[in-house]
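Visitor: just the structure for this:
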Amino acid sequence: MIIDIPKSIQIIKDFKPLETPTFNDGNEDAFRYIVWNLYYRVTEALKSFVVLFENERYYDSFIIAGHCLETCAILSYIKDNPTYELCRERYNKYFASATLGRLKYNLELSYNLEKEIAWQAFVSLLKLFYPFGKYIVKEKEKEQYEEIIKRINYRLGLNKEKIEILSKHFVPIRVDEYIKAFVKNTAYFDGEQFSKFYKKYCDVKHGNMITPGASFEHNSFEYFSEDGIMLILGIMYYLKDFKF
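Guide: Okay, here's the model as predicted:
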């Protein structure tokens, strides 16, 4: 498909995101705040795409388009459900998955929790994770949730042992699950294309397609530019009817 690139870039530039609501610190439901924060991150990624594209950084603009897709898919996973209760349930799973990742990463940064800064960081993250972890604990272990938390809620011992417990008993949502949900939620305008773009994005990002000796100037425009623009335009089409 041949697209009018200058016209498409102007369409992206002209996109007007919804105004982010004002939140009351300490008195606001984190659910609503995080949904709008995801929306804000998507719209900011649109701006980053244009800056990179107009500076002929086509590889990087495609990477930011893929990042935009991932974030938008998470937003849709939480938001596009028939009931408020299901929205909350999916939010809980998302928050648990995201916090689990941060918790494990924090533990990986040190050998143990002997240092005060490491211990305090662990305590803070565990407090965030605790109310939500039950939403991603393995189904057959739900009744043992409190016991599992007790097994990691102590300062002594090696961090790798705590990481092993977390990995063994919790199943976080994979990014491709968000993408599958997004494809389903956008079936009304052929959202299946998002799955194809995501596969290409993953191949490019993890394979680091630009290698020494590659003819970058010759290949990058054709290989990355049109797909990046088509992906961003599809996301914009989804965002134009955004309601929450």
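
Visitor: now the element after the least confident helix or strand in the chain by mean pLDDT, going C-ward?
Guide: Every helix and strand of the chain was ranked by mean pLDDT, DSSP states H and E. The lowest is helix 216-220, at a mean of 50. Moving toward the C-terminus from helix 216-220, the next helix or strand (DSSP states H and E) is helix 226-239.

Visitor: state the distance from Ile179 to Gln193.
Guide: Using CB to CB, to the nearest Å, Ile179 is found at 12 Å from Gln193. Where C-beta positions appear, they are placed from N, C-alpha and C, glycine not excepted.

Visitor: which one's more surrounded, the two?
Guide: Neighbour count, other CB atoms under 10 Å: between Ile179 and Gln193, Ile179 has more, with 25 against 15.

Visitor: residue contacts, that one?
Guide: Leu69, Glu70, Ala73, Phe194, Ser195, Tyr198 (CB atoms under 8 Å, 6 or more residues apart in numbering).

Visitor: report the separation between the residue nearest the centre of the chain and Glu164.
Guide: For the chain, Thr71 is the residue whose C-alpha lies nearest the centre (CA atoms, centre = their mean; 4.2 Å). Counting by CB to CB, the gap from Thr71 to Glu164 is 30 Å.

Visitor: contacting residues around Ile3?
Guide: Per CB under 8 Å, 6+ apart, neighbours of Ile3: Glu226, Ile229, Met230.

Visitor: okay, and it sits in which element?
Guide: Short version, using DSSP H and E: Ile3 is in no helix or strand.

Visitor: hmm, back to that, between which two of the contacts of Ile179 is the distance greatest?
Guide: By the measure CB to CB, Glu70 and Ser195 form the most distant pair in these, at 12.5 Å.

Visitor: who has more neighbours out of the two?
Guide: Neighbour totals were compared for Glu70 and Ser195, and Glu70 leads with 19 against 14 (other CB under 10 Å).

Visitor: can you tell me which of the contacts of Ile3 is nearest Asn153?
Guide: Met230 (47.9 Å).

Visitor: for the closest residue to that closest one other than its chain neighbours, what are phi and psi?
Guide: Computed as CB to CB, 6 or more residues apart in numbering, the closest residue to Met230 that is not its neighbour in sequence is Ile3, at 6.8 Å. Backbone torsions for Ile3, taken as degrees, to the nearest 10, come to phi -120, psi 150.

Visitor: then Ile136?
Guide: phi -120, psi 10.

Visitor: tell me which residues touch it, please.
Guide: Lys93, Ala96, Ser97, Leu100, Phe170, Val171, Pro172, Ile173.
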